[in-house]
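Model the structure of this input:
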Amino acid sequence: MSENNSIVSKRNRISNGISVNAIEVKDERFLKLAKKINKTIQLNGAWFFQVKENKEKELVLLEIATRIAGTMDYQRGKGVNLPLLS
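Got it, this is the predicted structure:
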């Protein structure tokens, strides 16, 4: 995710629990939540979080994990090498 434009990926298709198709989503709520998580837990290295919108369009936190996400290949295709940055 880029702080300048809050780009995250949305999983469109999942196979055996692994994202195999994703699209770009721009929503400032993701950056705000990422900053809150990182400030609270102070994670180092690669990590990601997963959310889902409820009926009221509020983000509900499903998962925080300290590893490269399944959609890492999407970011790599955009020129971002997450393992190198970790």
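
measure the nearest residue to Thr66 once chain neighbours are set aside to Glu24 for me?
In space, and not counting its chain neighbours, Thr66 is closest to Trp47: 4.7 Å by Cβ to Cβ, 6 or more residues apart in numbering. No exception for glycine: its C-beta is placed from N, CA and C like everyone else's. In this view, Trp47 and Glu24 are 20 Å apart by Cβ to Cβ, to the nearest Å.

With neighbour numbers in mind, choose between those two.
Neighbour count, other Cβ atoms under 10 Å: between Trp47 and Glu24, Trp47 has more, with 17 against 11.

Just to check, the more buried one is in contact with Leu82?
No - Trp47 is beyond contact range of Leu82, at 10.2 Å (criterion: Cβ atoms under 8 Å).

circling back to that earlier point, which residues does the residue nearest to Thr66 contact?
By Cβ atoms under 8 Å, 6 or more residues apart in numbering, the residues touching Trp47 are 64-67.

Tabulate those residues (a markdown table), appending neighbour count, secondary structure and distance to Gly77.
Formatted as a markdown table, the contacts of Trp47 follow (neighbours: other Cβ atoms under 10 Å; DSSP: H, G, I helix; E, B strand; the rest coil; distance: Cβ to Cβ, whole Å):
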| residue | neighbour count | secondary structure | distance to Gly77 |
| --- | --- | --- | --- |
| Ile64 | 15 | strand | 24 |
| Ala65 | 12 | strand | 21 |
| Thr66 | 12 | coil | 23 |
| Arg67 | 11 | coil | 19 |
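
my guess is Glu63 is in a helix, correct?
No - under the criterion used here (DSSP: H, G, I helix; E, B strand; the rest coil), Glu63 is strand, not part of a helix.

All good on my end, thank you.
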